[in-house]
Each structure stands twice: as C-alpha cells, then as structure tokens.
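Only the shape, not the letters, is given here:
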C-alpha cells in the first residue's frame, strides 16, 4: 500500500525539521548507557547539544510523540509514529529523553489519572523536568509482589506512610516515586493496595544505593519513615491500586523487552561481532552460528513488538501477551551479551578495558530476566491467562 | 501503511478455509490417503480450485482472484493446521509466481489452466541432499535451436503426479529454467516413499528434448523468474509450517487439560506449564515473521528476501520445537501411529528441508545483515 499524501507530507516536514534541529553530536544513536538523557532536577547534561536536543523535541512534543498535545505530546497516530521512528533511525538520532515517567507512569496516568492529575504530572515528564522512580518490590515482596507491606495509615487529609522498598531503580536520582502501599490490612492481599505518588523531597524519605555485581549501583533501597502523602496523590481508587500496578507492569514489560535490540540501537549483532574480529569477518564457526540464530530471533521479536502495537491500535490490546514480549526479549538480550563477551575474549574481561564497559553491560543484563517479573513468572502468566492451564 | 495484523478480508478467508478443511481434510484425511497408499486427492484439489485457491496469486484476467501473498499464507497456514495434502504450494504459489514473471500469451494460458485446477506443476531443482540451486549440475546442452536435458533431480515435491515440471538446468552461460510436460520422452519418474506420506519423486532426464519455447524467461537467466517463485514458495511454506505448529500446539494444550495423572490434570504441573508457555511464545514470534513476509512480497517483492528467509528460518525452528514438545508432553501415546502427533512430526521434518533448511535461511539473513 503506498503512503497517503498526508503521511508523505508528515514525513517530509519531519525530515526537514530533524535536519534543522537534531545536532550532529546527537546522531550517534546513544552508544552507551552514559549517553542517555534521563532528565530530572539532578540531571547534568553531557553537552549543550544534548540539552538543545531535549528542549527542541519537548517543544514539539517529540519526547512522547503519541501522547496527546494537552499533556506534552505530539498527538501522533500509529502510522505517524512509525514514520517518526523510521526518520529518527534514518539519521541515527538519539532518543531525546528516556525515563520511567515516559515508559511506565505516563501510560498508567493516561489510563487511570484524573484530568487534573494528567495536567499536573504529564507535561513535566514530557519536558524532562521531573524524573520518576518505581516503588514496587520490597524485601518480602519480589515475585509475590501483591504481598507488599509498606503501609499507609489514613490520617484524614493524608496517608502516613511507613515501610521499605528495594530494587528501586535510580531512586537516588529521582524527584518523585510511584509506589504500592497497603492501605487496608484486613482485605485480601490484592484488594488492600493503593497506588500513591510521593515527592522524594518529603520529610522521612531516604535512599541507599545497592552495589551490584556490575560494580554500578542503579538500584536502591528506599525507606519511608512517617511520610505524609496528601490524599490527592492517589492514582485510581483507594485499595484498587493493584489494577493500576498491573496495567503499568504490562508497559514496563514491553519496555524491558525492547532491550532485545540492546544499546547498539538495532545494529545487527553479527556486524558488531565481526567488527570486534578486526574486519576479518566472523570466522569462529560456533560464534557465527550462535550470532545468526540471535539475529533471526532479534528481528522476529522486533516484528512481534510492532505487530502487538498494531493490534493495540486496532483495539486488540496487548494485555497478558506483554509477558511473552518481556520473556522473549530479555532472554535474547542475555544471549546477545554472552556472545559479545565471547567475541571480546580477554579484552572484554577488564573493567574499563579496551572494549569499554562491556563486562559491566553483560553483568547488568543478568537482571533483565528478573526485574519487572522473572522469566518464570512470565511463563506462569502465559500458562494461566493465555493458555488457560489449571492452577 | 503496512500493518502486521490481518485484514478483514484475510480473516474471512481464514474462517471459510477452516470451515471447509475441517469437513473435507482433517488429519484423518491424510491418514486415509496414507493407509490407501495414495499421496493425492484429485477431488479435494478440484474443490479447492473451485473456491479460487488455485488462482489466489493469479491475475483476474487469467481467471484468478489475485489476493496476494499474505492471503496465500493465510490459506497455507490453515492447510498446515490439519496437514492438508495438495499441490497448492507447487502449483498455485511457486509455478504461478514463476509464470507471472513471464507474462506472454503462453504464460497467461498456463496461468489460466492453473487457476482452473486443470494443470499441476512441480519444481525440479534439488540434485543433492540439500537445497542449493546455484550448485545445479544438470545440463541442458544446446542442440540446433533447442536443448537436450540430461541429469537427475531428487526431492521433487509433487513430482510423481504433476502434469508439468519446472526444471533448473545449466546452459552455456548460466542457469536456465524449463517448463516441460512431465510425460515428455526421456523422463523417468520414481515416486519416493516419503515419511510425510506426500508426493515426491526422483526424476531422471535422459537426453530430453526441449525447444526455446520451453524456456521460462531468458536463457542463462533462470533467477529472474525463479527467485520470486522460490521466495513466494518459501514464504507460503513457512506459513504452512506455522499452521502446523499451531495444530500440534493446540492438540498438546488440549491434552494437558484433559490427561490426568496423580489425580490432577497434567497441565497443572509447572514443569509442563512452562514448556507449553515457552512454545506459545515461540509461535507468537514466528507468526509475526510470517505475516511480515507476506506483506513484504505483496508490497515490494524485489526486496523481500530478508523477510522471506527470516520467516522460513523462524517457522522451521518453531515447527520442529512444536512437534518435539508435542510428543514429549503427550508421553507414550504421542509415539503411537494411531495418534496424530506423529504425522505432524514427519511433515515438520520434510517441510524443514524443502526450499532451504534453517541453516540456509539463517545464512541469507546473516548475509543481508552484514556478517
């Protein structure tokens, strides 16, 4: 089917805008995690170009292209969104902004938030002014997430929150947190949870980074000690937070599954490996065969993400299939990094060695099949909700 | 813009195909043919042709419905679900696509006879154990205004019963594709007794005469005509295999819900749940590659190679996983001839080899992705 005139026009306008507004320094596809623009009050821009790129995109709504214009987006249709990503990819442009606000809280607020909440919280996410973190897991609530014990006591105009979260990604760098808090201790475990928005600057909130096997500390422990949370800062109904949490999880899982393309920004794995081999091509037969299998799977999983987006747009909904996307995408990403390590040989074994942080990135991927629900939890979701198997 | 969801038209086609095939060609139909020592049901093919399936890729002015490759994939997938045996891929997909590349009066007449269900074709390419058209050794020696073909082909799917053969042979400056009647003098066909109970043949060519009119496309330039035909066939075969995987998977999940051991359905055991769930995930990912290949062929056939090889590679891996897991999760009964799972396993094995195996297509993907 040829592109309609409207879409052709959109593409031409967008291409011209990108040509004029995307700084040359931002056309490297963000080669490493250090290049990501996360936004937020604590964020230090790497360069003026990074700051300009964010501001120009935010002004057009291009940090969150499909969100409605009223809330900081560009209101793009699915067809326009495809063109947007294709044109960004064409010039290898970095995403202007990445954040949990965009990937997780935003979609949940668009679905469950009041108009006032959307106006209050979404535009600062789109501009990169406010950085959010996710307060879900607790020491006693991992795969059994609904057994969260952090509690919120009803004190009339506010909740008094006490408890502890763990694995809170970038809590030490975030401005706000969205958290699951038990507001009814008598109800069955799924029915007594509320979804609260909490300012990290509130009295009684503290964080402590956790050092991981990669040497980095992207995760924190987050403590709540008599934290006052105004009643207006609840998303959805009181004690119905599990519905919001689950909806958000489907977006989180889609986001994590996108990691299948890795930080090479969609570059074929085999091409990266061949480059490592010093331009002699991939001569190691075992590595080459594994890379081919990985490439075939990566392309097909990428198409599956597209197919589910098309389905969602047509009203089909992604729902429980996000468990499939998360499972397949993260398992693949772990394999990719195993192969990258293998191709790198002994050069990949040093911290900050000739291949940069390759070892750190490899170790980081081991969390992919744990965070946001383990691979085993994903398979159980598919088994029960998609296949209808008993138990 | 391209959407990776089925159109309403395609969904209706799938529903009507399913309705027809559940009555006319469930797996028991294949079993019946096998038990009777047959590989083809002429009446079934005639009925399919009457419904327009033989002409699904053929232009309307040649008697077809011209619905495109994604739609052909929809039909192939429905056939795969119940292992329907028919010359659909060889004739309606591969031969029709080859003939469409030519488009002369003779080609149009041939397309008409395919759409009408009157002529069946088989593609004679393989000579060794593996699919390797470029390594073709069979010779077509120039002889006056014509050629003399000598050599042997193997694994010619639908070749024992086809009316006509598309034969790839080496000529003076390259490869040439011939379209000749299967009963021409000097041709000897030996039916192969295949594990999937379908038609396949070893074919010997002893000094077979061919004229310039028998050449499809240009002399020394087979690939202009053959490559689109192969890719159409590979995409449709991948679709059939995804249907096969869905059929085997459906049987398996149903069995997990019904079979009891230790007093409970075996589908309540997490070890089996996770095997089944993993398999479903693989079938979903493969389904995307299948639909994408159909769309790529319909929209830009000249640049569909990556999409097609991706689909055939994924479909091969998934179909093989589905039948292995199918037998394992069924336990002993899955090993019996009386149960249908074995038919799925054997068809998956044959389809995995036909038109290029996993390694062949993964190499194509790797080549096009720069390594």
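Nice, I can see it. The model shown is predicted, which means the values in this text are computed figures rather than measured ones.

List the residues that contact the residue of the stretch 101-250 of chain A found nearest chain B.
Nearest to chain B in the stretch 101-250 of chain A, going by C-beta to the nearest C-beta, is residue A:143, at a distance of 12.8 Å. The C-beta positions use only the backbone N, C-alpha and C, and glycine is treated the same way. Counting by C-beta atoms under 8 Å, 6 or more residues apart in numbering or on different chains, residue A:143 makes contact with A:373, A:374, A:376, A:377.

what about 10 Å?
Residues in contact with residue A:143 (C-beta atoms under 10 Å, 6 or more residues apart in numbering or on different chains) are A:137, A:370, A:373, A:374, A:376, A:377, A:380.

Can you classify the third one by secondary structure?
Which is residue A:373. coil (DSSP: H, G, I helix; E, B strand; the rest coil).

repeat for the last one
When the structure is reduced to helix, strand and coil (three-state DSSP), residue A:380 reads as helix.

With the one 4 residues further on instead?
Taken by three-state DSSP, the conformation at residue A:384 corresponds to helix.

List the residues that contact it.
Counted by C-beta under 10 Å, 6+ apart, residue A:384 has contacts A:320, A:390, A:391, B:273, B:277.

Check the gap between the last one and residue B:345 for me.
It refers to residue B:277. Residue B:277 sits 21 Å away from residue B:345 when distances are taken as C-beta to C-beta, to the nearest Å.

higher neighbour count, those two?
For residue B:277 and residue B:345, the more surrounded residue by other C-beta atoms under 10 Å in any protein chain shown is residue B:277, and the numbers stand at 26 against 22.

can you pull the contacts of the more buried one?
Contact analysis of residue B:277 by C-beta under 10 Å, 6+ apart lists A:323-324, A:327, A:376, A:378-384, A:386-387, A:389, B:253, B:270.

Can you pick out the most distant pair from those?
Between any two of those, the greatest separation by C-beta to C-beta is 19.0 Å, found for A:376 and B:253.

the more surrounded of the two?
Shown here are residue A:376 and residue B:253; by other C-beta under 10 Å, residue B:253 has more neighbours (22 against 15).

Check pLDDT for the contacts of residue A:143 and point me to the minimum.
Least confident of these in the model: residue A:373, at 91.

Can you classify residue 179 by secondary structure?
Chain wasn't specified; assuming chain A. Three-state call for residue A:179 (three-state DSSP): strand.

Wait, chain B was what I had in mind.
Taking three-state DSSP as the rule, one finds residue B:179 in the strand state.

Residues in a beta bridge with it, which ones?
Here residue B:179 sits in beta bridges with residue B:166, as judged by DSSP bridges.

So which bits of stretch B:213-224 are buried?
Within stretch B:213-224, the residues that count as buried by 16 or more other C-beta atoms under 10 Å in any protein chain shown are B:214, B:215, B:216, B:217, B:219, B:221, B:222, B:223.

How about stretch A:299-318?
A:299-312, A:318.

And the residue of the stretch 101-250 of chain A closest to chain B, how far from residue B:117?
Counting by C-beta to C-beta - residue A:143 and residue B:117 are separated by 57 Å.
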